[in-house]
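Trainee: could you work out the structure for the sequence below:
(one chain, ligands or ions: 2)
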Amino acid sequence: MDPSTSQTQIPIVDFSGWTSGGPSRQRVAQEIVAACKEVGFVYIINHSTPDALLDEAFHWSRHFFDLPTEEKLRAPHPDGWAVHRGYSWPGLEKVSQAVSADNDDERTAQLREVPDIKASTRWACEENSAQPNQWIPEDTLPGFRAFMNQFYWEGFRVGGEILQALAVGLGLDDANHLLQKHSGHNNQLRLLHYPPVPADALEQNRAARCPAHTDWSSITLLFQDDCGGLEVEDIHNPSHFIPATPIKNAIVMNVGDLLQRWSNDQLRSTSHRVTLPPLADRIEGEARITRRRFSIPYFMAPDPDSVIECLPACMGPDEPAKYEPITQAGYNQMRASMQY
Ligand SMILES: O=C(O)CCC(=O)C(=O)O
Ligand SMILES: [Fe+2]
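Mentor: Residues are numbered from 1 along each chain as shown. Ligands and ions are numbered 1, 2, ... in the order given. Now for the predicted structure:
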């Protein structure tokens with residue numbers, strides 16, 4: 001394809017044809033796999049998570065981030081990079097593509113010269129003792145913990161349907177082939193809040209919302225509000241980003257690094273970032289302050305000891321496996337050490 005004429009768009013797939021069962025499943029599965037090969041991102045509409053549950057999740061997120069800082073800091077992100085839980089305040093985390101096997105303080109400090117203006121909090125399931133969840137006290141936000149636990153398992157349920165569709169679309173014999181490496185215990189639910197920031201600071205690279213990166217997951221499901229600013233690299237025209245314009249209640253699904261490895265690069269873990277909101281009415285006043293933005297990513301991850309090695313359906317005599325087998329934990333460690 002000629003990059004100058006590339007008109008890449010993020011495809012929209014109507015998932016009702018999967019949930020209703022029958023022959024339409026094959027079509028939906030193929031559409032999702034085609035999108036993952038061409039773009040690495042796809043909007044999934046008419047999925048089986050109720051709209052009301054998504055409204056509720058954003059409602060809780062706003063309540064959480066509106067709490068005074070000292071309340072949020074009662075469940076802080078622990079020091080260091082090994083544990084990904086709890087409240088991470090604006091500037092603490094620096095998203096990047098840097099990869100290192102050990103701690104490298106100098107490089108970590110360098111990466112922080114342009115801070116990420118975002119706050120987040122995140123959890124896995126309650127039984128994950130390696131990385132215990134950090135919760136604010138129940139009486140600070142009664143019902144918050146119960147809802148987030150419910151939403152965590154809802155993410156796993158709908159994400160599981162998508163992993164099944166991917167397996168079918170890839171032509172695997174067993175629809176559960178990908179899903180079976182995910183017990184659900186190693187996923188991550190994140191609430192993200194990008195506070196208002198002067199548009200100039202983003203334009204002049206004095207601050208970032210979320211710099212370009214790929215996800216470490218097998219797949220990521222993202223729910224976003226209507227602010228905008230999420231952009232996806234065009235794999236046919238590298239360094240050119242296309243907007244992932246919000247579609248109410250759609251799941252923005254993307255391929256993570258582990259599924260890219262698993263599929264021998266057939267499915268693409270595409271770089272993405274969050275930058276300036278594209279619409280003028282999202283920026284206000286003389287100081288050109290952006291609207292705040294909320295998003296909720298749900299990262300599906302295989303279990304830590306599971307070995308990710310090239311799917312037989314994705315290799316052949318002319319297409320040998322490109323990567324050595326790696327465990328999820330091994331890959332995670334390689335990526336995590338630069339983040340905090
Ligand atoms: O906030 C967003 O829309 C994207 C966040 C993201 O890419 C991530 O957390 O990995
Ligand atoms: Fe991401």
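
Trainee: which non-adjacent residue is nearest residue 275?
Mentor: residue 229 (5.4 Å; CB to CB, 6 or more residues apart in numbering). Where you see a C-beta, it was placed from the backbone N, CA and C, and this is true even at glycine.

Trainee: thought the one you found was touching residue 279?
Mentor: No. Residue 229 is beyond contact range of residue 279, at 9.5 Å (criterion: CB atoms under 8 Å).

Trainee: who's more crowded, those two?
Mentor: For residue 229 versus residue 279, the count of surrounding residues by other CB atoms under 10 Å is larger for residue 229: 25 against 13.

Trainee: list the buried residues for stretch 166-178?
Mentor: Neighbour-count burial for stretch 166-178 flags 166-170, 172, 175, 177-178 (criterion: 16 or more other CB atoms under 10 Å).

Trainee: which of the residues you listed sits closest to ligand 1?
Mentor: Among the buried residues of stretch 166-178, residue 166 lies closest to ligand 1 (CB to the nearest ligand atom), at 19.0 Å.

Trainee: keep only the buried residues of stretch 166-178 that also lie close to ligand 1.
Mentor: Residues of those in contact with ligand 1 (CB under 6 Å from any ligand atom): none.

Trainee: which two among these are spaced furthest apart?
Mentor: The span of these, defined through CB to CB, is set by 169 and 177 at 11.8 Å.

Trainee: got a pLDDT number for the residue nearest to residue 26 when sequence neighbours are not counted?
Mentor: The spatially closest residue to residue 26, leaving aside those adjacent along the chain, is residue 168, at 6.8 Å (CB to CB, 6+ apart). Each residue has a pLDDT score; the one for residue 168 is 98.

Trainee: so residue 168: helix, strand or coil?
Mentor: helix (DSSP: H, G, I helix; E, B strand; the rest coil).

Trainee: check contacts around it.
Mentor: 25-26, 29, 175 (CB atoms under 8 Å, 6 or more residues apart in numbering).

Trainee: report the buried members of these.
Mentor: Buried subset of the contacts of residue 168 (neighbour count, 16+ other CB under 10 Å): 25, 29, 175.

Trainee: quick check: residues of this structure near ligand 1?
Mentor: So the chain meets ligand 1 at 192, 210, 215, 222, 224, 230, 272, 274, 295, 297 (CB under 6 Å from any ligand atom).

Trainee: counting neighbours, what do you get for the residue nearest to residue 264 when sequence neighbours are not counted?
Mentor: Spatial nearest neighbour of residue 264, chain neighbours left out: residue 314 (4.1 Å); criterion: CB to CB, 6+ apart. Using other CB under 10 Å, residue 314 is surrounded by 18 other residues.

Trainee: do residue 234 as well
Mentor: 21.

Trainee: what of residue 257?
Mentor: Neighbour tally, residue 257, other CB under 10 Å: 19.

Trainee: that one contacts residue 220, doesn't it?
Mentor: No. Contact criterion CB under 8 Å: residue 257 and residue 220 do not qualify, at 10.4 Å.

Trainee: show me what residue of the protein gets nearest to ligand 1.
Mentor: residue 295 (3.5 Å).

Trainee: name the helix or strand for that residue, please.
Mentor: Per DSSP states H and E, residue 295 falls inside strand 293-300.

Trainee: so what's the gap between whichever helix or strand comes after that strand and the chain middle?
Mentor: With elements assigned by DSSP H and E, the helix or strand that comes after strand 293-300 is strand 307-308. Its chain's C-alpha centre and that of strand 307-308 lie 20 Å apart, by CA atoms, centre = their mean, to the nearest Å.

Trainee: and the strand holding residue 295, what does it pack against?
Mentor: helix 51-66, helix 144-169, strand 188-194, strand 219-224 (3 or more CB pairs under 8 Å, 6 or more residues apart in numbering; DSSP states H and E).

Trainee: the longest one vs strand 219-224, what angle?
Mentor: What it means is helix 144-169. Per axes from the mean of the first three to the mean of the last three CA atoms, to 10 degrees, the angle that helix 144-169 makes with strand 219-224 is 130 degrees.

Trainee: check the third one too.
Mentor: Inter-element angle recorded for strand 188-194 and strand 219-224: 30 degrees (by the same axes, to 10 degrees).

Trainee: where does pLDDT dip in the stretch 1-150 of the chain?
Mentor: 1-6, 80-83, 94, 96-113, 125 (pLDDT under 70).

Trainee: show me where it has helices.
Mentor: In the stretch 1-150 of the chain, the helices defined using DSSP state H, counting those that start in this stretch lie at 16-19, 24-38, 51-66, 69-72, 105-111, 144-169.

Trainee: what do you get for the stretch 201-340 of the chain?
Mentor: In the stretch 201-340 of the chain, the helices defined using DSSP H, counting those that start in this stretch lie at 257-262, 328-336.
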